[in-house]
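Q: For reference, the sequence and a predicted model appear below.
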Amino acid sequence: MHTVVVPVYNEVEGIDAFHARCSDAMAAIGDPFEIVYVDDGSKDGSWLKLQRIAEADDRVRLVRFSRNFGHQLAITAGIEHAAGDTVTVIDADLQDPPEVIAEFVARWREGADVVYGVRSVRHGESWFKLASAKVFYRVMRSLSDVEMPVDAGDFRLLSRRAAEALTSMPEHHRYVRGMVAWLGFDAVEVEYVRDARVAGVTKYPLAKMMRFATDGIMAFSVRPLRLATWLGLVVSAAAFVTAIVLVIMRLTGAAVVQGWTSLSVLVLLLSGVQLMTIGALGEYIGRIYTEVRHRPLYLVRELKGFPRREA
Ligand code: UDP
Ligand code: MG
């Protein structure tokens, strides 16, 4: 059996079209399948729509969060509730074509544990999204200690054991695609063309995107901390050289009072570097704090359509 996991946040306009196309694409594979929709605290009637879909189709399972926990936790919950031998994560807006899943499944049959989609072309995105994504994936790859594929989103298939390995990782700040890379296993890529959204607007405004990017970098690299040390060293060296120059100027009787400029430049530079390094420390300490509280990752308000787990 195959499971498709779909995070849903305010997607009421497009969800019917998605369900029709996705279930056709899955039926074409020929094996039994289920579709797990995770409603991430939608406020636009998506939940009603999903319930109607579930009533008409017994291959549909629904998980409803108590509030908006975010895309990455919705994916996590979906994978945890999946019963299939393969688990494929796909967005609800039809940007990732469900027909590609057949190709994922074929690679899985050949023995891959992870099959991820790589976007060869992206339609209908702003230049800012394209440019920032391009930079982000490359920065991520150079900073991270594990091998990260570039231009790959969360559209990917996991084998049962990869899915279980992933759900055994308890961290709160989840950067799922990085965690999958960390798992290792045999991963292969499949290229596809990413379409424009069928309906609605992106649910990733700039602030959410920034949070997502910091989660990715902080979770997979301690290099920002090391950067602080290097910056400190470079600035101290510069300060040392300046000090020698200033002393020589004083001894040779140059007009020292004019040194006000260099002084203020130094003070500004140093306080900038100090704030930056304190900021980097703060980011990590904040993360340690959220992890040690040991809260559950998300809360489920309602389950529907699950064979034996009806809530
Ligand atoms: N999503 C979610 N919770 C959120 C934001 C987004 O579950 O807080 C879902 C959304 O419904 C969609 C997927 O995550 O299925 C990807 O979001 P979106 O298409 O808005 O992101 P983009 O493609 O613009 O990066
Ligand atoms: Mg999208």
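A: Sure, I can see it. Ligands and ions are numbered 1, 2, ... in the order given.

Q: Could you pull up the residues touching the residue in the stretch 201-311 of the chain positioned nearest to ligand 2?
A: Residue nearest to ligand 2 within the stretch 201-311 of the chain: residue 202 (5.9 Å; CB to the ion). C-beta here means a position set from N, CA and C on the backbone, and glycine is covered the same way. Taking CB atoms under 8 Å, 6 or more residues apart in numbering, we find residue 202 in contact with residue 129.

Q: Name the residues of the longest helix seen in the chain that are buried.
A: The longest helix of the chain (DSSP state H) is helix 260-292. Residues 266, 273, 277, 280, 287 are the ones in helix 260-292 that count as buried (16 or more other CB atoms under 10 Å).

Q: Quick check: the farthest pair among these?
A: The two members of the buried residues of helix 260-292 with the most space between them (CB to CB) are 266 and 287, at 32.4 Å.

Q: helices or strands up against whatever helix or strand residue 77 lives in?
A: Assessed by DSSP states H and E, residue 77 sits inside helix 71-80. With contacts defined as 3 or more CB pairs under 8 Å, 6 or more residues apart in numbering; DSSP states H and E, helix 71-80 has these neighbours: strand 2-8, strand 33-39, strand 60-65, strand 86-89, strand 152-159, helix 160-167, helix 176-183, helix 206-220.

Q: Which of these sits closest to ligand 1?
A: Minimum separation from ligand 1 across these (CB to the nearest ligand atom) falls at strand 2-8, 3.3 Å.

Q: can I get the CA coordinates of the next helix or strand after that closest one in CSV?
A: Downstream of strand 2-8, the next assigned helix or strand under DSSP H and E is helix 15-29. What follows is helix 15-29, C-alpha atoms only, in CSV (Å, rounded to 0.1, in the frame of the first residue of the first chain):
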residue,chain,number,x,y,z
ILE,A,15,-8.5,21.0,-2.6
ASP,A,16,-11.3,19.4,-4.7
ALA,A,17,-9.2,19.7,-7.8
PHE,A,18,-6.2,18.3,-5.9
HIS,A,19,-8.1,15.3,-4.6
ALA,A,20,-9.6,14.4,-8.0
ARG,A,21,-6.2,14.6,-9.7
CYS,A,22,-4.2,12.9,-7.0
SER,A,23,-6.6,10.0,-6.5
ASP,A,24,-6.6,9.4,-10.3
ALA,A,25,-2.8,9.5,-10.4
MET,A,26,-2.6,7.0,-7.5
ALA,A,27,-5.2,4.7,-8.9
ALA,A,28,-3.2,4.5,-12.1
ILE,A,29,-0.3,2.9,-10.2
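
Q: Quick one: distance of helix 15-29 to the chain centre.
A: 25 Å (CA atoms, centre = their mean, to the nearest Å).

Q: likewise stretch 207-226?
A: On CA atoms, centre = their mean, the centre of stretch 207-226 falls 10 Å from that of its chain.

Q: Same question for stretch 43-51.
A: Taking CA atoms, centre = their mean, the mean C-alpha location of stretch 43-51 is offset from the chain mean by 24 Å.

Q: Show me which residues of it are buried.
A: With burial defined by 16+ other CB under 10 Å, the residues of stretch 43-51 counted as buried are 46-47, 49-51.

Q: same deal with stretch 191-209?
A: Using 16+ other CB under 10 Å as the burial criterion, the residues of stretch 191-209 that qualify are 192, 194, 197-198, 200, 203, 209.
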